[in-house]
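Undergrad: Pasting the sequence and the predicted coordinates here, then a few questions.
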Amino acid sequence: SAVNRFTPHPFLSPQNLNAMQAALNIIQWISDKLKYIGAACLAGMTFLTCADVLGRYLGHPIFGSVEIVGFMSILSVGLALPYTHQEKGHIGVEIITQRLSKRTQLIIDVITGIVALAIFSLVTWRMFIYAQTIKDSGEVSMNLEFPEYVIIYALSFCFLIFTATLAREIFQNYLKFKTD
C-alpha cells in the first residue's frame, strides 16, 4: 500500500497517513449514506408528484407539494454530489488529456482538484453563513411555512462532504504521483 511505501515528509509519516486514511474512510462512509438519502429524495419526488397529479385530477391536490418537491430536488442533487464525483460521473473533456502521459494526467488532476477545492471551500463557507442569515431573518417557505435555513444547512453539509471528497482525491493523486 502507498501508506507503507511512501514517507517523504514528516507530516506524511505512517502514523499520520493512517490517521488520514481513517478520516478518509469516515468521509467515504458518509458519502455512501448521503447517496441513499438522495435516492430516497428522488423516489419521494416521483411518488409525491404522481400523487399530486392524481389528486389534482380527482379535485384534491396535495397542499405544498410543489415546495416539498423543490426541497427534495435540491437535496437530491446535493446529496448525490460527493458520490457522483467519486465515481467520476460528471462530464469531463478527456479528448486531449487522454493522449498525455499518466504522470501529466495526475498533475492536471491535482491542479484542477486544488482549484475545485478552493472554489467549493468558499461556496461551502458562504452557504453556511447564508443559512445563518436566513435563520436570523426567520424566512420560511410560502405555503408550508417551513424554515428554509434547514434546507440550506443540509445542502451546505453536502457541499462540505463534497469538499472533503475533493481533498481526498487530491491527496490520493498526490500519493500516486509521488510513488510512480
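TA: Cool, got the structure.

Undergrad: show me where pLDDT drops low in the chain?
TA: Low-confidence segments of the chain (pLDDT under 70): 1-12, 91-93, 180.

Undergrad: if you set the cut-off to 50 instead, what comes out?
TA: Low-confidence segments of the chain, defined by pLDDT under 50, span residues 1-7.

Undergrad: can you pull out the helices in it?
TA: Taking DSSP state H, the helices of the chain run over residues 2-5, 14-57, 65-86, 102-137, 148-179.

Undergrad: mind listing what residue 35 touches?
TA: Residues in contact with residue 35 (C-beta atoms under 8 Å, 6 or more residues apart in numbering) are 79-80, 82-83. Every residue, glycine included, has its C-beta placed from N, CA and C.

Undergrad: Kindly report the same for residue 148.
TA: Neighbouring residues of residue 148 by C-beta under 8 Å, 6+ apart: 134, 139-141.

Undergrad: give me that answer again for 6 Å
TA: Residues in contact with residue 148 (C-beta atoms under 6 Å, 6 or more residues apart in numbering) are 134, 139, 141.

Undergrad: Tell me how far the second one lies from residue 151.
TA: Noted for residue 139: a distance of 11 Å to residue 151, by C-beta to C-beta, to the nearest Å.

Undergrad: Compare these two and say which one has the larger neighbour count.
TA: Of the pair residue 139 and residue 151, residue 151 is the one with more neighbours under other C-beta atoms under 10 Å, namely 19 against 13.

Undergrad: list the contacts for the more buried one?
TA: With C-beta under 6 Å, 6+ apart, residue 151 has these contacts: residue 71.

Undergrad: Now flag whichever of the contacts of residue 35 is closest to residue 14.
TA: Closest approach between the contacts of residue 35 and residue 14, by C-beta to C-beta: residue 82, at 27.2 Å.

Undergrad: neighbours around that closest one, how many?
TA: Using other C-beta under 10 Å, residue 82 has 27 neighbouring residues.

Undergrad: what's the closest non-adjacent residue to residue 121?
TA: Counting by C-beta to C-beta, 6 or more residues apart in numbering, residue 121 lies nearest to residue 163, which is 5.5 Å off, once chain neighbours are set aside.

Undergrad: Can you give me the neighbour number for that neighbour?
TA: 23.

Undergrad: what does residue 119 give?
TA: Close neighbours of residue 119, defined as other C-beta under 10 Å, add up to 12.

Undergrad: From residue 46, how far off is it?
TA: In terms of C-beta to C-beta, residue 119 sits 32 Å off from residue 46.
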